[in-house]
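[1] Predicted model and sequence follow; I will ask about them next.
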Amino acid sequence: MDRLESIDGGNWEAFLAAPCCVLMLGKSDCEHCAEFTAELHTFLAADRTYSEVRFGKMLLDRGGLATFKRSNPWLADLDVLPYTVIYRNGLKVAEFAGGGIARLASRLERVRSEPA
């Protein structure tokens with residue numbers, strides 16, 4: 001089973017409402033986004049630490065995201081992709097630009113250690 005869910009205009013609200021989720025934002029023509037996606041697939045295939053965390057990827061250049069973009073005006077300020085956001089119960093609790101599994105794991109550990 002692929003743990004990296006495809007997030008779009010029809011499922012983003014339910015995804016972000018999860019107890020803990022990681023949303024990677026990218027574009028379909030972004031080389032760094034493709035590299036981080038490959039890293040995520042490899043990481044998630046072997047991961048047993050973050051089984052309670054949902055992981056998703058949204059391509060910002062795909063249609064149907066008007067509601068998501070209106071609900072997240074900070075997207076207009078993004079200048080580096082991929083961009084990763086960690087949510088807890090619908091609230092943004094951590095974020096970083098660029099890729100890197102070590103950076104992701106570090107932020108996930110910090111989020112998990114903080115009281116909900």
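    Sure thing, it's come through. Numbering: from 1, shown residues only.
[2] does the spatially most central residue of the chain count as helix, strand or coil?
    Nearest to the geometric centre of the chain sits residue 23, at 1.4 Å (Cα atoms, centre = their mean). At residue 23, secondary structure determined by DSSP: H, G, I helix; E, B strand; the rest coil is strand.
[3] all strands for this structure, in order.
    4-6, 21-26, 54-59, 83-88, 91-97 (DSSP state E).
[4] Adding mean pLDDT and distance to residue 114 as columns, could you present these in a markdown table?
    Quick note: C-beta positions are derived from backbone N, CA and C, even for glycine. Shown next, in a markdown table, are those (pLDDT from 0 to 100; distance: least, Cβ to Cβ, whole Å):
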| stretch | mean pLDDT | distance to residue 114 |
| --- | --- | --- |
| strand 4-6 | 97 | 24 |
| strand 21-26 | 98 | 15 |
| strand 54-59 | 98 | 18 |
| strand 83-88 | 96 | 9 |
| strand 91-97 | 95 | 8 |
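[5] With distance to residue 67 as added columns, please give those strands in JSON lines.
    Listed next are those as JSON lines, based on distance: least, Cβ to Cβ, whole Å:
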{"stretch": "strand 4-6", "distance to residue 67": "17"}
{"stretch": "strand 21-26", "distance to residue 67": "15"}
{"stretch": "strand 54-59", "distance to residue 67": "12"}
{"stretch": "strand 83-88", "distance to residue 67": "16"}
{"stretch": "strand 91-97", "distance to residue 67": "17"}
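[6] Out of those strands, which gets nearest to residue 41?
    strand 4-6 (6.0 Å; Cβ to Cβ).
[7] What residues sit buried inside the closest one?
    The neighbour-count check on strand 4-6 (16 or more other Cβ atoms under 10 Å) flags residue 4 as buried.
[8] again, but for stretch 34-53
    Neighbour-count burial for stretch 34-53 flags 36, 37, 40, 43, 44, 50, 53 (criterion: 16+ other Cβ under 10 Å).
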